[in-house]
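1. Give the three-dimensional model of this entry:
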Amino acid sequence: MDPHVLDDLGPLYHSYRLFGAANKQLEQFRINQICKEAILLGYISLAIGKTREQYFDAPSFCELFCADGYYTMLANFIGASPAVGIDNNRDGWSDRMLDIAQRLNLRVQFEQRDVQTINEHNAYDVVANIGGLYHVENPIEVLRKSYNLARRYLIVQTVVTGANNDPDYFVSPAPGLTFGCRYSPQSFVNMVQSEGYRILDAEFNHLAGNPDVEDQGSVYMLIQKV
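-> Purely as a prediction, here's the structure:
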């Protein structure tokens, strides 16, 4: 892999160093990638590995709120096919997804649509709802759609407040904004548990790249369909 294959695209949302590229990255996203990447890559790898029953199996994967499709590309890199990213592309982060993937010799697909309109059931072996639930006002409904979309595993990551761990905390819209919502770490866990999902693993850390304390918590879950 030519390490300069992405150089002409300028600073990007993610660093693609795991694929062998040495691209420049937007500084506001660099620290948060370091915080999230290892946990999410671990969950994605485990879910794909546990779904693959024979060496030639290629589990299907879908990333919701995919932005530039970075984790869709990681899933394809470790054996998922098809690997599909879905996003409304409101902020234009998905514009270069397919070009980046092609330059990295990866095969991914992109669907531009609102995650909240998804109604398919059991469409993908592994579904990853990454970084989107805190942008919507109806997170439980969107979580249920994500769970229904998955056949075997659901991976969830969302921003939660770093200001408190109140087990009943939930606000919508998010503090200081006109959209979205915020849970506390414990109230988010409680919400997922109330749905009766089988949580295989859950983690929490701080997103040091976010300046506002309401955006500094991050919850991760690996959920197995029953």
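2. Just the residues contacting stretch 92-109, thanks.
-> Contacts to stretch 92-109, defined as Cβ atoms under 8 Å, 6 or more residues apart in numbering, come from residues 1, 5-6, 9, 12-13, 16, 19-21, 66-69, 72-73, 76-77, 81-85, 87, 89, 110, 112. For the C-beta atoms, the positions are set from N, CA and C on the backbone; glycine is no exception.
3. meant to ask about stretch 50-66, not that
-> By Cβ under 8 Å, 6+ apart, the residues outside stretch 50-66 that reach it are 44, 47-48, 69, 71-72, 75-76, 79-87, 94, 97, 110, 115, 118, 123-132, 135, 146, 149, 151-153.
4. phi, psi of Ala75?
-> Phi and psi for Ala75, reported as degrees, to the nearest 10, are phi -60, psi -40.
5. Just the element for Leu46, please.
-> helix 27-51 (DSSP states H and E).
6. For that helix, which residues meet the burial criterion?
-> Of all the residues in helix 27-51, those buried under the rule 16 or more other Cβ atoms under 10 Å are 29, 32-33, 35-37, 39-41, 43-44, 46-48, 50-51.
7. Mind checking which residue lies nearest the centre of the chain?
-> Of all residues in the chain, the one closest to the mean position by Cα atoms, centre = their mean is Ile130, 2.0 Å from it.
8. Next one: it from Ala67, what distance?
-> As judged by Cβ to Cβ, to the nearest Å, Ile130 and Ala67 stand 9 Å apart.
9. contacting residues around Asp125?
-> 47-48, 51, 59-61, 80, 150-153.
10. mind checking how far it is from Gln224?
-> 12 Å.
11. same thing with Ser184?
-> Using Cβ to Cβ, we find Ser184 at a distance of 25 Å from Gln224.
12. can you check Val159 too?
-> As judged by Cβ to Cβ, Val159 and Gln224 stand 24 Å apart.
13. Let me know the secondary structure of the residue of the chain most remote from its centre.
-> Residue farthest from the centre of the chain, counting by Cα atoms, centre = their mean, is Asp2 at 27.0 Å. Using DSSP: H, G, I helix; E, B strand; the rest coil, the structure places Asp2 in coil.
14. immediately after the particular helix or strand that has Ser187 in it, which helix or strand?
-> When secondary structure is defined by DSSP H and E, Ser187 falls within helix 185-194. Once the chain leaves helix 185-194, the next helix or strand it forms, by DSSP H and E, is strand 198-206.
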